[in-house]
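> Give the three-dimensional model of this entry:
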Amino acid sequence: MKYWSAFVLFFFFFSRDKLMEHGVCIRVIGNLTLVPQDIQKLIAQAIILTKDNNKAFLNVAFAYTGKPA
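The predicted model follows:
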């Protein structure tokens, strides 16, 4: 598992309640097609889950340009 996928898994599954409690809206920019599909799904879930929150905004930029392994 790459370090960024571990980060996304930790961030989404262990921080979900705190995000909702504090009204954080997650927005992601970048070319997500370069990220594995399972991670794309987690990111989409996080975006959908928090789309109506408006107290704070967390903008995540994926600048993933590595070559496939």
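
> how deep is the residue nearest to L49 when sequence neighbours are not counted tucked in, by neighbour count?
Spatial nearest neighbour of L49, chain neighbours left out: R16 (7.0 Å); criterion: CB to CB, 6 or more residues apart in numbering. For the C-beta atoms, the positions are set from N, CA and C on the backbone; glycine is no exception. Using other CB atoms under 10 Å, the number of residues around R16 comes to 14.

> looking at this, R16 is in a strand?
No: counting by DSSP: H, G, I helix; E, B strand; the rest coil, R16 is not found in a strand; it is helix.

> in the helix or strand where I26 lies, what counts as buried?
Assigning secondary structure by DSSP states H and E places I26 in strand 24-30. Within strand 24-30, the residues that qualify as buried by neighbour count (16 or more other CB atoms under 10 Å) are 24-26, 28.

> Spatially nearest residue to V24 (excluding sequence neighbours)?
A56 (4.8 Å).

> Would you enumerate the residues in contact with that neighbour?
22-25 (CB atoms under 8 Å, 6 or more residues apart in numbering).

> same thing but at 10 Å, please
19, 22-26, 50 (CB atoms under 10 Å, 6 or more residues apart in numbering).

> min pLDDT across the residues you listed, which one?
By pLDDT, L19 ranks lowest within the contacts of A56, coming in at 82.

> Quick check: the closest residue to that residue other than its chain neighbours vs L34, distance?
Closest residue in space to L19, ignoring its immediate chain neighbours: T50 at 5.8 Å, by CB to CB, 6+ apart. Look at T50 and L34: by CB to CB, to the nearest Å, they are 23 Å apart.

> Same question for A46.
18 Å.
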